[in-house]
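Enquirer: attaching a predicted model along with its sequence, questions to come.
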Amino acid sequence: MLGARGSWKITTYYTAVESFHHGRPKAVRGCPELHCSHGTAPLGSYPSDFLDVVRTEGSGRLTSGPNAGRYLNWSHSVGWWLDTTTRDAGARPLRAWGSAAADRSVLARGQRFAVTGCGRDDAGKPVPAHVCAAFRNATWTVTDLFRPGYGGEHHADVYIGEETGPGFTDYYTTLTGATISAA
């Protein structure tokens, strides 16, 4: 067991999928490739609600227009950019139900762990059995680190992959009072 039983907060992040969003189109400018910062090239117009999710989660898969199949990514330090995959802060591709981030003082880069107890959701309710089973069946590897002090003690952020449609938000949750063990 890592830390005390029931002491972990596990938050989630995911990749939005454009076709599940239908807000008013909004033009985006940025970098047409990965290694660029604060670009001004036109990257296309996308649903505003999709862009809101990408700003929160970090990436979204495009499903329409000339960039269909590529990913629109966002970072406060870089702005918008197009890419061939989703990436962590070190530009490594993310693995659904496998990539995680944590504060380096809590879990080191490369540390593998498993969720062995789901605790409760943010509202204090039990985590549904099918959701807990998905978290318990995954093995996570810390590939990204929070800015020092950002994540806090006993906090990990796990990547659950691409949005899949109705029911997906069951997995976009917070596990409060979770238990993890080294894997």
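Expert: Nice, thanks for sending it over.

Enquirer: give me the number of residues near Pro47?
Expert: Number of residues near Pro47 (other CB atoms under 10 Å) recorded here: 20. Every C-beta, even on glycine, is put in place using the N, C-alpha and C of the backbone.

Enquirer: okay, and the beta partners of it?
Expert: Beta bridges link Pro47 to Pro25, judged by DSSP bridges.

Enquirer: okay, helices next: where are they in this structure?
Expert: 48-57, 129-136 (DSSP state H).

Enquirer: ok, for Ala102, nearest residue in space, not its chain neighbours?
Expert: Closest residue in space to Ala102, ignoring its immediate chain neighbours: Ala156 at 4.6 Å, by CB to CB, 6 or more residues apart in numbering.

Enquirer: ok, the one you found to Cys36 distance?
Expert: For Ala156, the distance to Cys36 (CB to CB, to the nearest Å) stands at 30 Å.

Enquirer: surely Trp140 meets Ala100?
Expert: Yes - counting by CB atoms under 8 Å, Trp140 touches Ala100, with 4.1 Å between them.

Enquirer: what touches both of the two?
Expert: Shared contacts of Trp140 and Ala100, defined by CB atoms under 8 Å, 6 or more residues apart in numbering, are found at 113, 156, 158.

Enquirer: distance to Pro66, neighbour count and pLDDT for these - can I get that in a markdown table?
Expert: Shown next, in a markdown table, are those (distance: CB to CB, whole Å; neighbours: other CB atoms under 10 Å; pLDDT from 0 to 100):
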| residue | distance to Pro66 | neighbour count | pLDDT |
| --- | --- | --- | --- |
| Phe113 | 40 | 23 | 97 |
| Ala156 | 37 | 26 | 94 |
| Val158 | 33 | 24 | 97 |
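
Enquirer: got the domain ranges for the protein?
Expert: 8-14+90-182, 16-83 (automatic domain parsing).

Enquirer: pLDDT wise, what is the residue nearest to Glu57 when sequence neighbours are not counted at?
Expert: Leaving out its chain neighbours, the residue that sits closest to Glu57 by CB to CB, 6+ apart is Tyr13, at 5.1 Å. On the pLDDT scale, Tyr13 is placed at 95.

Enquirer: and if you look at Gly177?
Expert: For Gly177, the model assigns a pLDDT of 96.

Enquirer: spatially nearest residue to it (excluding sequence neighbours)?
Expert: Nearest in space to Gly177, with sequence neighbours left out and distances taken as CB to CB, 6+ apart, is Gly119 at 3.2 Å.

Enquirer: thinking that neighbour is in contact with Thr173, fair?
Expert: No - with contacts counted by CB under 8 Å, Gly119 stays clear of Thr173, the gap being 10.6 Å.
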